[in-house]
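Q: Sequence plus predicted model, see below.
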Amino acid sequence: MMGQTAPMREAAKHAILILGALIVIIPFYVMVSYSLKSPREIESNTGGFFGAQAPMVDEYCVKVGNPKEDCLETPVIFNYSQAIKKAPLFRYLLNGVIVTASIFLLQVLIALPCAYALSKLRFWGREFVFSLVMFCLLIPVHAIALPIYIMLAKIGLTNTYASLVIPWTISVFGIFLMRQFFMTVPDDLIDAARMDGMSEFSIVWKVMLPTAIPALLAFAIFSVVAHWNDYFWPRIVITGDRDLYTPPLGLREFQGDADGSMWGPMMATATIIVTPLLVVFMLAQRRFIEGITLTGMK
């Protein structure tokens, strides 16, 4: 009897995993498919995954404001060329790289010493401080957005790179994740470094940092994905300077008026924005899983 239930349990687990994977993949499937189709095929939900790829010589293409010569192109060429020509997409991508890289580097500079202190140093109130870190994990970003915006506005930092970076330089999740990883590092390694005359600051960057690469890669995935895809905060602090738009804000360039949105170019832009994240995640997948696994060992 037990031998029969084990395969059934495994089959049920795989079925649940497959269902979850489909729920996650379907939006990406629709996004890529719409980026390859003509407006008529998108509205009527026809043409399969790739669409007919026939020249878009019809009244609808011109009606939504496109030149007649663009309507002679196939949908895939039209959509992706519009994604590049209608808005300075590469500028937005560069802004995204600058913002996410700056945030991550500053988060690491703060999170590593804090995590080291909370995991390896003995001082009065350490557990209370760690409890505050855990409490901060429960505070939603939207609850503190208005006070932060008012503060930045009063010192004149809105519509700047600083307004996009400064509020996220302290990551309580990063401190928690790195603290959990540092708990798995043997104390003998730190004691040996101290006996060699290394200061606590040197131990953080010369001993703990090299051992924390898997956890840092895991944290990098969380941090970069969260801030690369963030629409809420940039939409608040970037109100006038179009040159500071991040990739999600760039999607607003394809919002239509009474005639509807440019769904094809919008989905092409979304595909271009998402592709770097997918490539980075696939390259760092093994280290990402290793980092998440190690942080939960103790």
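A: Right, received. Where do you want to start?

Q: Can you pull the poorly scored residue ranges out of the stretch 51-200 of the chain?
A: For the stretch 51-200 of the chain, the stretches with pLDDT under 70 are 56-72.

Q: What residues sit buried inside stretch 203-222?
A: Within stretch 203-222, the residues that qualify as buried are 203-204, 207-208, 211-212, 214-222, counting by 16 or more other Cβ atoms under 10 Å. C-betas here are computed from N, CA, C, even on glycine.

Q: what's the answer for stretch 179-198, then?
A: 179-182, 185, 190, 193.

Q: that older thread, the buried residues of stretch 203-222: which two are farthest apart?
A: Among those, the pair separated by the greatest distance (Cβ to Cβ) is Ile203 and Ile221, at 26.1 Å.

Q: residues contacting the residue nearest the centre of the chain?
A: The residue lying closest to the centre of the chain (Cα atoms, centre = their mean) is Val225, at 1.1 Å. Each residue near Val225 by Cβ atoms under 8 Å, 6 or more residues apart in numbering is listed here: 277, 281.

Q: so which helix or strand takes in Asn79?
A: In this assignment (DSSP states H and E), Asn79 forms part of helix 75-85.

Q: ok, and what's touching that helix?
A: 35-38, 41, 50-51, 53, 56, 66, 70-71, 73, 89-90, 254, 262, 264-265, 267-269, 272.

Q: hmm, 6 Å instead?
A: For helix 75-85, the external contacting residues (Cβ atoms under 6 Å, 6 or more residues apart in numbering) are 35-38, 51, 70, 89, 264-265, 268-269.

Q: Stretch 230-244 now?
A: Here stretch 230-244 has contacts from 149, 158-159, 163, 246, 248-249, using Cβ under 6 Å, 6+ apart.

Q: repeat that with 7 Å
A: For stretch 230-244, contacts defined as Cβ atoms under 7 Å, 6 or more residues apart in numbering pick out 91, 95, 145, 149, 152, 158-159, 161, 163-164, 245-246, 248-249.

Q: repeat for stretch 149-162
A: With Cβ under 7 Å, 6+ apart as the criterion, stretch 149-162 contacts 98-99, 163, 236-241, 244.

Q: so how far does it reach from one end to the other?
A: 12 Å (Cα to Cα, to the nearest Å).

Q: go on, stretch 192-203?
A: One end of stretch 192-203 sits 10 Å from the other (Cα to Cα).

Q: and if you look at stretch 35-47?
A: Using Cα to Cα, the two ends of stretch 35-47 sit 12 Å apart.

Q: Ile148 reaches Pro167, doesn't it?
A: Yes - Ile148 is within contact range of Pro167, at 5.0 Å (criterion: Cβ atoms under 7 Å).

Q: Taking the contacts of stretch 230-244 together, which two end up most distant?
A: Going by Cβ to Cβ, the pair spanning these furthest: Arg91 and Ala145, at 25.4 Å.

Q: Now do the SS call for Gly156.
A: Classification of Gly156 using DSSP: H, G, I helix; E, B strand; the rest coil returns coil.

Q: Now do the domain split for the chain, please.
A: What automatic domain parsing lists as the domains of the chain is 2-85, 89-295.

Q: For the chain, which segments are assigned as strands?
A: In order along the chain, the chain carries no strands (DSSP state E).
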